[in-house]
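# Any chance you could fold what I've pasted below:
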Amino acid sequence: MNNSYIQEEAKNAYDKFVGKGKILGISVGHREELKKFSDIQKELSAYNNSHLGLQSVSLSKIVGSVQKTEDFKKGFIPKNSIVKIRWCNIYIEMLGDFKLPPVELYKIRDEYFVYDGNHRISVANFLNFSSIEAVVTEFFSGKDTEEDLNYREKFNFTKQTQLNLHLTESGDYKKLLYEIENLEGSGNLIENSKYWCQNIYTPIIKILRFNGMILDKRLEGDLYIKFLEHRKYLINNTKKYDYSYALVDYLNMVYLRKKYTIQTQIKINRYIDSLIRRLYKLDKERSMDSIQKDNLLELRELIRGDSTDELYFSKVIRGDIRSWYYAKVRTTLDIFSDKSRSFERSKLIQKKQLKLYRELKDYMNYYKKNYSNVSIREGILDYILEILMPTFDYLSHKKIDEDEFITQYFKFSHRKIEFLKNGKNIRSEELEDLYLDIGSESSTIQDWLSKTLKKEKTFKGDILKGVKELLLIKGQDIETFVELMDLYEGTTNYKTILHIKKQIWSFVEQSPSGDWVKEKFAVDLEKLTHNKEGLKFFKTERFMHFIRGKSNTYTIVDFYMDIINYGEQNYRENTTNIDTLLMQYIDR
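As a prediction, this is how the structure comes out:
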């Protein structure tokens, strides 16, 4: 390209940029001046400094100059023709193959001032660069305002952790630093900070944002501090340390303030569900003792599986992991592989070896209870015929990818085995009613749990039949009982049914002419649902019941019977006052 043409282009660019600083050819006033570094430095007594090194700095944050305020106005638009030759040369160099050195900037608070490189900043602004490489020296305000104290804390926090988080209150950065320092980990502070940010802070912020609790990105750090304070409260008052539990409890607390309802209002989709489960996995790993942690590491050397299965076996296996693996896991999986070799698609689920072993083990426990003197080979063959083949046949008609296929298979397998344990065999045409998928769209956890509960009731049938018969024999109010069970979602838990029967017998023995349904059951449930702390606790337990993968949907009736049962076992002298029992149950 002709050199004179390039120079002419540079002059035209200069004239065009200078024209932006004028209206009808007249320069605008003082309000368009660059900030002078010395004025800000003096105002804030900002004389102490620290070298930050090479950084990428947003041009929008470069608001002033150290020495060239007479030559440039706001936006680094040239004020006089003195700078024209230098400006045009820089323009040509920046468009060419010349490697220009970084500019030098002074920083005060969140604003930057040019010490060296004013012309480069000016040309970069004209060319609409978003950022520029700069060597930065930061000057600190000598004032002791809240803003300055907080800023100095942020500087120290960022320097120690390499994390750039925004908090508005002084003292909050120390809280985050304390949390990071108290995480168990073998790395240094920067490595632990990165781990904390990726695995704790960021997932929690995403979940809070999905639930509409962060409207301004600049305030997300402050919201995390509120969550942290809530977690500290739980640790001090309930000894619950888990991040996943504290987060769910915090969400329930906020939602209850907005609307007091028994319904669980937390919003989820498939991705948010996975984030909460990741937090839960982290919590479980942190709660392991040294033996369990060693088992987990050794298990992962032998076989990799889903985190829930790894954690489960790491805790239940107390002997030698390698001996257990070769004697139990490997033997069982080899038999399965042999028996299913004619069923080519079975290789899909064999990718999840640990989960498959857990399902086969669960099925064999059921099988041996119903059929004595059976070999493991017979049990596995029956699993293939009763569980694997009909489930594969059903899922093959679903438009889902391979990973989702495997996920859904094990959900089906687990639920079918649970129903078999309770005497209910699922026919092929009934499989559709077992198909449950949170999906990618936003919905409340209540929607998901209600659907799940409805399916459970469909398959378990009228599990209240025995309770109704007992109420009839004892002259109790069956109609009101049924209405209450409908109102409070009832139960699909056989343990709860046994507790209800026990309560009816006990009440009638003490008050032969009384009515347990109206005098006890209805009254206690009303108190439970109107106790704010109790209702929050129930909602959190219900959500965590779902995250832990329990086979039954947890209802307020299950919660009530757990409280009553706990009271009978631990406070025999006072089992009638539900309010007292509730607080004892929460604080246990």
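# Walk me through the domains of this structure.
3-143, 172-259, 290-440, 461-586 (automatic domain parsing).
# Quick check: which of those is nearest to E153?
When the domains of the chain are compared for distance to E153 using C-beta to C-beta, the nearest one is domain 172-259, at 4.2 Å. For every residue, glycine as well, the C-beta is placed using N, CA and C.
# avg pLDDT for stretch 504-520?
The average pLDDT within stretch 504-520 is 91.
# List the contacts of that stretch.
Contact partners of stretch 504-520, identified using C-beta atoms under 8 Å, 6 or more residues apart in numbering, comprise 467, 470-471, 474, 476-478, 480-481, 484, 503.
# hang on, the earlier thing: least reliable of the domains of the chain going by mean pLDDT?
Looking across the domains of the chain, the weakest by mean pLDDT turns out to be domain 290-440, at a mean of 82.
# so where do the strands sit in this structure?
22-23, 26-27, 35-36, 48-58, 62-65, 72-73, 77-78, 103-108, 111-116, 131-140, 267-268, 443-444 (DSSP state E).
# Now do the last one: which elements does it pack against?
If you count contacts as 3 or more C-beta pairs under 8 Å, 6 or more residues apart in numbering; DSSP states H and E, strand 443-444 packs onto strand 267-268.
# Quick one: mean pLDDT for the strand it packs on?
On average, strand 267-268 scores 90.
# Would you give the sheet partners of that strand, along with the direction of each?
strand 443-444 (antiparallel) (DSSP bridges).
# so how far is the strand it pairs with from its chain's centroid?
15 Å (C-alpha atoms, centre = their mean, to the nearest Å).
# so what's Y409 up against?
348-349, 391-392, 395.
# that older thread, need the domains of the chain in a markdown table (columns: distance to Q160).
A markdown table is the format used below for these (distance: least, C-beta to C-beta, whole Å):
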| stretch | distance to Q160 |
| --- | --- |
| domain 3-143 | 13 |
| domain 172-259 | 6 |
| domain 290-440 | 27 |
| domain 461-586 | 33 |
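# Nearest approach to L275 belongs to which of the ones you listed?
Of the domains of the chain, the one closest to L275 (C-beta to C-beta) turns out to be domain 172-259, at 4.4 Å.
# before we move on, back to that, please name whichever of the domains of the chain is nearest to D283.
domain 172-259 (3.9 Å).
# Could you check how far the nearest residue to N531 once chain neighbours are set aside is from V135?
The spatially closest residue to N531, leaving aside those adjacent along the chain, is L582, at 6.2 Å (C-beta to C-beta, 6 or more residues apart in numbering). Distance, L582 to V135, using C-beta to C-beta, to the nearest Å: 62 Å.
# again with I406
52 Å.
# for H51, same thing?
For H51 relative to V135 (C-beta to C-beta), the value is 8 Å.
# Looking at the two, which is more packed in?
For H51 versus V135, the count of surrounding residues by other C-beta atoms under 10 Å is larger for V135: 18 against 8.
# Look up how far W87 lies from the more buried one.
22 Å.
# Buried members of the contacts of stretch 504-520 into ChimeraX, please.
Burial among the contacts of stretch 504-520 is assessed by 16 or more other C-beta atoms under 10 Å; the matching ChimeraX selection reads:
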select :467,470,471,476,477,478,481,484,503
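# would you list the contacts of stretch 504-520 in a markdown table and tack on distance to L44?
Shown next, in a markdown table, are the contacts of stretch 504-520 (distance: C-beta to C-beta, whole Å):
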| residue | distance to L44 |
| --- | --- |
| V467 | 74 |
| L470 | 78 |
| L471 | 77 |
| K474 | 80 |
| Q476 | 77 |
| D477 | 75 |
| I478 | 77 |
| T480 | 72 |
| F481 | 72 |
| L484 | 67 |
| Q503 | 70 |
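# now for the contacts of stretch 504-520, which pair is the farthest apart?
Farthest pair in the contacts of stretch 504-520, by C-beta to C-beta: K474 and L484, 16.5 Å.
# In this model Y383 seems to touch K416, though I could be wrong.
No. Under the criterion of C-beta atoms under 8 Å, K416 makes no contact with Y383, lying 10.1 Å away.
# that older thread, I'd like the strands of the chain written out as a markdown table, with distance to Y224 added.
Shown next, in a markdown table, are the strands of the chain (distance: least, C-beta to C-beta, whole Å):
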| stretch | distance to Y224 |
| --- | --- |
| strand 22-23 | 46 |
| strand 26-27 | 47 |
| strand 35-36 | 33 |
| strand 48-58 | 24 |
| strand 62-65 | 29 |
| strand 72-73 | 40 |
| strand 77-78 | 41 |
| strand 103-108 | 26 |
| strand 111-116 | 26 |
| strand 131-140 | 25 |
| strand 267-268 | 18 |
| strand 443-444 | 23 |
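# S193: which of those is closest?
The nearest among the strands of the chain, by C-beta to C-beta, is strand 48-58 at 17.7 Å.
# can you state the direction angle for the closest one and strand 103-108?
120 degrees (axes from the mean of the first three to the mean of the last three C-alpha atoms, to 10 degrees).
# Tell me the strands beside strand 48-58, with direction?
Counting by DSSP bridges, strand 48-58 is paired with strand 131-140 (antiparallel).
# Show me what the strand it pairs with is in contact with.
By C-beta under 8 Å, 6+ apart, strand 131-140 touches 41, 46-59, 62, 102-108, 112, 115, 117, 120-121, 124, 148, 151-152, 155.
# And the helices in the stretch 101-250 of the chain?
Taking DSSP state H, counting those that start in this stretch as the test, the helices found in the stretch 101-250 of the chain are 118-126, 146-161, 172-181, 189-196, 202-210, 220-238, 243-258.
# Please identify the most buried of those helices.
Of all the helices of the stretch 101-250 of the chain, helix 118-126 carries the top mean neighbour count, a mean of 23, counting by mean count of other C-beta atoms under 10 Å.
# returning to what we had before: adding distance to K36, write the helices of the stretch 101-250 of the chain out as a markdown table.
Shown next, in a markdown table, are the helices of the stretch 101-250 of the chain (distance: least, C-beta to C-beta, whole Å):
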| stretch | distance to K36 |
| --- | --- |
| helix 118-126 | 13 |
| helix 146-161 | 20 |
| helix 172-181 | 30 |
| helix 189-196 | 37 |
| helix 202-210 | 38 |
| helix 220-238 | 32 |
| helix 243-258 | 46 |
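# Of all those helices, which one comes closest to S81?
helix 118-126 (13.5 Å).
# What is the closest one packed up against?
helix 3-19, strand 77-78, helix 84-95, strand 131-140.
# Just give the closest residue to K468, not the sequence neighbours.
That would be I478: by C-beta to C-beta, 6+ apart, it lies 5.6 Å from K468.
# Pretty sure the one you found sits against L472.
Yes. With contact taken as C-beta under 8 Å, I478 and L472 are classed as touching, separated by 6.0 Å.
# Flag every buried residue along stretch 106-115.
106-109, 112-115.
# how long is stretch 130-146 end to end?
Across stretch 130-146, the terminal residues are separated by 31 Å (C-alpha to C-alpha, to the nearest Å).
# mind checking how far that stretch is from the chain centre?
34 Å.
# change the start of the numbering to 43 and stick with it
Noted, 43 is the first residue going forward, which turns the last one into stretch 172-188.
# follow-up on the earlier one: do you know which of the strands of the chain lies nearest I418?
Judging the strands of the chain by C-beta to C-beta, what sits closest to I418 is strand 309-310, at 39.0 Å.
# Counting neighbours, what do you get for S46?
Count around S46 with other C-beta under 10 Å applied: 8.
# Roughly how far does it sit from V165?
20 Å.
# Give me the neighbour count for the nearest residue to L402 once chain neighbours are set aside.
Residue nearest to L402 in three dimensions, not counting chain neighbours: T374, with 5.6 Å by C-beta to C-beta, 6+ apart. Per other C-beta under 10 Å, the neighbour tally for T374 reads 19.
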